[in-house]
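> Output the structure for:
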Amino acid sequence: MDLEQEKELVERAKNNTEAFGELYDRYYSQIFGYVLRRTASIEIAQDVTSEVFFKTLKNLGQFHWRGTPFSSWLYRIATHEIANYFRKNKHGQFSLEKVSNSISISEPSAEAELIEAEAELKRHEEFLTLHENISRLSIKYQEVITLRFFENKQVKEISEILGKREGTVKSLLHRCLEKLRKLME
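This next block holds a predicted model:
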């Protein structure tokens with residue numbers, strides 16, 4: 001869907017629940033994935049994502065098209081809702097303790113599955129180590145690194161989502177990567 005089609009769908013969604021359903025279907029998994037990566041909890045991610053779409057529906061009439069993807073507005077709402085969740089629950093960063101690392105192996109070709117499970121476990125452990133180190137960074141760094149490297153957003157869109165200038169986002173990314181390299185040593 002190009003930006004013009006997206007703009008048309010957003011305008012229709014302001015007065016049409018079916019069109020809003022299309023927006024919901026199109027963006028739910030992206031927003032849920034972002035929230036999940038920031039919170040590391042499926043239950044929290046479901047709650048926060050629900051709140052994001054509730055606020056989107058409630059405030060859609062106030063949305064003004066600025067030539068950037070609609071998803072930028074959704075990510076901005078999600079970022080605020082994540083911050084609200086952490087503030088209300090007095091958490092400064094996401095918890096990785098709730099991430100399950102269980103892998104089950106079924107009977108057929110158990111040896112091949114065991115090899116695959118071991119490889120998956122190693123990738124999962126590396127992923128958890130990375131996220132543990134990211135969680136040690138301040139929230140502003142967690143936001144930019146998650147949007148850039150896990151959500152594959154460009155600097156321009158990150159600046160729109162976070163309400164910061166592009167130069168500031170670039171600077172935050174540079175400092176964040178330096179801090180993360182030191183933590184990973």
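> from here on, contacts and neighbour counts on C-alpha atoms
OK.
> Of all the helix elements in the protein, which one is longest?
Criterion DSSP state H: the longest helix present in the chain is helix 110-135.
> Which strands or helices does that helix pack on?
If contacts are counted by 3 or more CA pairs under 8 Å, 6 or more residues apart in numbering; DSSP states H and E, helix 110-135 sits against helix 166-184.
> What is the least confident helix or strand in the chain?
One helix or strand of the chain scores below all others by mean pLDDT, DSSP states H and E: helix 110-135, with a mean of 74.
> Pull whatever helix or strand comes next after that one out as CSV, backbone CA atoms only.
Sequence order places helix 139-145 as the next helix or strand after helix 110-135, per DSSP states H and E. Taking Å, rounded to 0.1, in the frame of the first residue of the first chain, the C-alpha atoms of helix 139-145 are listed here in CSV:
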residue,chain,number,x,y,z
ILE,A,139,14.9,4.5,28.0
LYS,A,140,15.9,7.0,25.3
TYR,A,141,18.5,4.6,24.0
GLN,A,142,16.2,1.6,24.3
GLU,A,143,13.6,3.4,22.1
VAL,A,144,16.0,4.4,19.3
ILE,A,145,17.8,1.0,19.1
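> For residue 123, list the residues it contacts.
Under the criterion of CA atoms under 8 Å, 6 or more residues apart in numbering, residue 123 has no neighbours.
> quick one: it from residue 134, how far?
Separation of residue 123 from residue 134 (CA to CA, to the nearest Å): 16 Å.
> and what of residue 15?
Counting by CA to CA, the gap from residue 15 to residue 134 is 41 Å.
> do the same with residue 164
21 Å.
> just residue 128 next, same as before
With CA to CA as the criterion, residue 128 and residue 134 are 10 Å apart.
> the more surrounded of those two?
Neighbour count, other CA atoms under 10 Å: between residue 128 and residue 134, residue 134 has more, with 25 against 17.
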